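In: have a look; sequence and predicted model below, questions after that.
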Amino acid sequence: MKVGISTASIFNKAMVEDIPAMLSPMGCRDIEVFLNTFSEYRPDFVRLLRKRIDDAGLRVYSVHPMSNQFEAQLFSIHPRQKADAFSVYREALNAGRILGATHYVMHGSPHLGGTAKNLEMERITPVFRELLDTAAEYGVTLCLENVSWCFFHAPAFGRELKERLVDHRLKFVLDIKQAVRCGEDPFDFVEAVGEDLENWHLCDYAFDETGKLSLKMPGKGQCDFGALGKAMIQKGYAGPAFIEVYSDMYAQMDELKASFDHIRTVLSTL
């Protein structure tokens, strides 16, 4: 299994266009590009970023925009909000196409503790068809990520949405830290949508004697990455594994490299 790093792991420690030169010496070749803001979707900037990536000898698998800037409005009932959000969505998809990405990682809409309105499955399913058709125009596969504060925060949601979209090709991202943050077992997400997983975000975690959760750098916690990877492969998973941690979880780049090396060792035989 290929192991890479999401540029989100270096959020605000460096600008995204400077990150490729930082990852290449670590032995990283496959990356997910996290685009931080609207100006980073613009073609001139993206072409600069693509050159930096090519110069560093890296490959882009997926693009992951800053979701809370526009993705909630993709599902809005207000026509102008939705139209504007789709315009930004197209910009992000085009950025992905320029970067050579084959996948787009989506959070979708926040559920706001269940108080968000107009997110009934019957209403959002047709929106996903629009989103999938739009992504296909750019040669990009849309992948919905499980996120603790968004509507796909429980395995049952992904299973039902997948069943409703049998006529379309919605794929999924498994994010370990987001699963445990909402009290879910990552293995349950594999069981629910494993056949349609095409991306994997890795972060470690630990529970103390009181049950309190803390996030850890990969290799420093309790997650059995090997067992989880095997379960995914049994469901047909053939995608990469990306380290995606919060940048305040480590102080030095050597710590990120140590996690990268650890995960490569663990997953190298899968």
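Out: Cool, got the structure.
In: how is Val88 assigned, secondary-structure-wise?
Out: Under DSSP: H, G, I helix; E, B strand; the rest coil, Val88 falls in the helix class.
In: let me see the contact set for it.
Out: Shown in contact with Val88 (C-beta atoms under 8 Å, 6 or more residues apart in numbering): 38, 41, 69-70. Where C-beta positions appear, they are placed from N, C-alpha and C, glycine not excepted.
In: also Gln178?
Out: Taking C-beta under 8 Å, 6+ apart, we find Gln178 in contact with 145-148, 153, 201.
In: may I ask which of the residues you listed has the most neighbours?
Out: Neighbour tally across those (other C-beta atoms under 10 Å): the maximum, 28 neighbours, falls on Asn146.
In: re earlier: hmm, which two among the contacts of Gln178 are most spread apart?
Out: The largest separation in those, counting by C-beta to C-beta, is between His153 and His201 at 14.5 Å.
In: which elements pack onto the helix or strand where Val63 lies?
Out: Per DSSP states H and E: Val63 is located in strand 59-65. When contacts are defined as 3 or more C-beta pairs under 8 Å, 6 or more residues apart in numbering; DSSP states H and E, strand 59-65 packs onto strand 30-35, helix 79-99, strand 103-106.
In: quick one: which of these is nearest Phe172?
Out: Nearest of those to Phe172, taken as C-beta to C-beta: strand 103-106 at 9.9 Å.
In: and the helix or strand following the closest one, which residues are buried?
Out: Under the assignment DSSP H and E, the closest C-terminal helix or strand after strand 103-106 is helix 121-137. For helix 121-137, the neighbour count (16 or more other C-beta atoms under 10 Å) marks 124-125, 127-128, 131-132, 134-135 as buried.
In: between helix 79-99 and helix 121-137, find me the angle.
Out: 40 degrees (axes from the mean of the first three to the mean of the last three C-alpha atoms, to 10 degrees).
In: quick one: low-confidence parts of this structure?
Out: Within the chain, the ranges that satisfy pLDDT under 70 run 112-115.
In: what are the ranges of the strands in it?
Out: Counting by DSSP state E, residue ranges of the strands within the chain are 3-6, 30-35, 59-65, 103-106, 141-145, 171-175, 197-202, 204-207, 213-216, 241-243.
In: so which of those strands comes closest to Arg159?
Out: Nearest to Arg159, of these and by C-beta to C-beta, is strand 171-175 at 10.3 Å.
In: could you give the number of residues near Glu163?
Out: 9.
In: one more: Phe187?
Out: Residues within reach of Phe187, counting by other C-beta under 10 Å, total 17.
In: OK, contacts around the nearest residue to it once chain neighbours are set aside?
Out: Spatial nearest neighbour of Phe187, chain neighbours left out: Ala231 (5.9 Å); criterion: C-beta to C-beta, 6 or more residues apart in numbering. Ala231 is in contact with 187, 190, 194, counting by C-beta under 8 Å, 6+ apart.
In: which ones are touching the residue nearest to Asp175 when sequence neighbours are not counted?
Out: Spatial nearest neighbour of Asp175, excluding adjacent residues (C-beta to C-beta, 6+ apart): His201 at 4.1 Å. For His201, the contacting residues are 6, 145, 173-178, 242, 244, by C-beta under 8 Å, 6+ apart.
In: apply 7 Å and report the result again.
Out: 6, 173-176, 242, 244 (C-beta atoms under 7 Å, 6 or more residues apart in numbering).
In: now Arg29
Out: 57-59.
In: between those, which sits nearest Phe34?
Out: Nearest to Phe34, judged by C-beta to C-beta, of those is Leu58 at 13.8 Å.
In: can you identify each of the helices in the stretch 151-270 of the chain by residue range?
Out: 155-164, 176-181, 186-193, 225-234, 253-267 (DSSP state H, counting those that start in this stretch).
In: number of residues surrounding Ser247?
Out: Count around Ser247 with other C-beta under 10 Å applied: 13.
In: identify the residue spatially nearest to it, adjacent ones excluded.
Out: Nearest non-adjacent residue to Ser247 (C-beta to C-beta, 6+ apart): Phe11, at 4.5 Å.
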